[in-house]
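Student: Fold the following, please.
(one chain, ligands or ions: 1)
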Amino acid sequence: MAKKTTRKKEPLVDPRLMEILCCPECKGDLVLKDLRGKDKKIDGTLTCKKCKEVYPIEDGIPIMLPKELR
Ligand SMILES: [Zn+2]
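Tutor: This is a model prediction of the structure:
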């Protein structure tokens, strides 16, 4: 178990939270994209590997709402 210690900045989303998060649409795995410094409105996005749904992350909090509620 090699642990990487290449941390240039704080993680956008708590790794423990990432482990339990999944797509509310299809329960698929999510891919984190860090957009800090690139986008002023959001910190990043979570994209579902299965259905390609994209969820925004605001202030470090993933907004995991299904399409119908946004
Ligand atoms: Zn999905």
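
Student: just for this protein, where's the confidence low?
Tutor: The model of the chain has pLDDT under 70 over residues 1-8, 70.

Student: That one: strands as residue ranges?
Tutor: For the chain, applying DSSP state E gives strands covering 30-34, 44-48, 54-58, 61-62.

Student: Which one of the ones you listed lies nearest to P24?
Tutor: Shortest separation from P24 across the strands of the chain is recorded for strand 54-58, at 8.3 Å, computed as C-beta to C-beta. In short, each C-beta sits where N, CA and C put it, glycine included.

Student: residues of the closest one that come out buried?
Tutor: Of all the residues in strand 54-58, those buried under the rule 16 or more other C-beta atoms under 10 Å are 55-57.

Student: Among these, which ones lie close to the ion?
Tutor: Among the buried residues of strand 54-58, not one lies near the ion by C-beta under 5 Å from the ion.

Student: Next, work out how far apart M18 and the ion are.
Tutor: Counting by C-beta to the ion, to the nearest Å, the separation of M18 from the ion is 15 Å.

Student: Looks like that residue contacts L30 (just checking).
Tutor: Yes. Proximity of M18 to L30 meets the contact threshold set by C-beta atoms under 8 Å, at 7.5 Å.

Student: picking up where we left off before, wait, which of the buried residues of strand 54-58 is closest to D14?
Tutor: The closest of those to D14 turns out to be I57 (C-beta to C-beta; 11.3 Å).

Student: wait, what's in contact with that closest one?
Tutor: I57 is in contact with 12-13, 32, 42-46, 63, counting by C-beta atoms under 8 Å, 6 or more residues apart in numbering.

Student: give me every residue that touches L35.
Tutor: Shown in contact with L35 (C-beta under 8 Å, 6+ apart): 42-45.

Student: This completes my enquiry, with thanks.
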